[in-house]
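Asks: With the sequence up front, the predicted model follows.
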Amino acid sequence: DVYGVYFYDLQSGQKVEINADKQFPAASIAKIPVAILTLRDIQAGKVKLADTYAIKNNLKHGSTEDLAKRPAGTKVTINEYLTRLINESSNTAWYHLRDRLGGVWGDTGVNQRTIKELNANPYFEDPLIATPEVVGRVFADLYNYKALDEEHAEYLLNLMRNTLPDTRLAIPSGVPEDIE
């Protein structure tokens, strides 16, 4: 197996890179650009956290997620979609937010907006790939309020800090307890 590592010290700017430019399957880390782009739309006044987006049957994932159990047409707030996207790693929330953003492809789709607005290439959803360096830069930009203003960055960072225990179990046990 080949691993990619990208560490970036937010204070000093020092980096440690091992295969940082190698493309890997992005898995659920690909949900972060969708969250950032949704919050950028909120920041720009295009949508509000309290606005709703109806559940669509074709965007449900599996049968165990709470959102997937709701009937089509049920109105769900953008806030709930974002909360479930990050706290539970909900694929149903991901598919609905991605749909609200215009889908994956096209000039205004998630992939193009990720390249243009987040300067992140590759960090894609179809194919589902990213490099450790690009993911690291997006997280650094989030933390340093470059991807979002302070209010919206802190909203997203707080969601990340409060993921459900089952989601935290997916993180390798070797990560020190004092790391947020």
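Replies: Cool, got the structure.
Asks: Pull out the buried residues from stretch 60-78.
Replies: Neighbour counts using 16 or more other Cβ atoms under 10 Å place Lys60, Glu65, Leu67, Ala68, Val76, Ile78 of stretch 60-78 among the buried residues. (Glycine included, C-beta is placed from N, CA and C.)
Asks: sorry, that was for stretch 134-152
Replies: For stretch 134-152, the buried set under the neighbour-count rule, 16+ other Cβ under 10 Å, comprises Val134, Val135, Gly136, Arg137, Val138, Phe139, Ala140, Asp141, Leu142, Ala147, Leu148, His152.
Asks: what's the lowest-pLDDT member of the buried residues of stretch 60-78?
Replies: When these are compared on pLDDT, Glu65 comes out lowest, with 91.
Asks: Give me the phi and psi for that residue.
Replies: Listed backbone geometry of Glu65 is phi -70, psi 140, with angles given as degrees, to the nearest 10.
Asks: Is it correct that it is in contact with Trp94?
Replies: No: with contact defined as Cβ atoms under 8 Å, Glu65 and Trp94 do not form a contacting pair (10.4 Å).
Asks: Let me see the contact set for Ile42.
Replies: Contact criterion Cβ atoms under 8 Å, 6 or more residues apart in numbering gives Lys48, Leu49, Ile78, His152 as the residues in contact with Ile42.
Asks: number of nearby residues for the second one?
Replies: Burial measure for Leu49: 16 neighbouring residues, criterion other Cβ atoms under 10 Å.
Asks: Tell me the predicted confidence for it.
Replies: At Leu49, the pLDDT value in this model is 98.
Asks: just checking, it touches Glu80?
Replies: No: when contacts are counted by Cβ under 8 Å, Leu49 is not listed as touching Glu80 (9.1 Å).
Asks: Is the residue nearest the centre of the chain part of a helix or strand, or is it coil?
Replies: The structure's the chain has its C-alpha centroid closest to Ile32; by Cα atoms, centre = their mean the separation is 1.3 Å. Three-state call for Ile32 (DSSP: H, G, I helix; E, B strand; the rest coil): helix.
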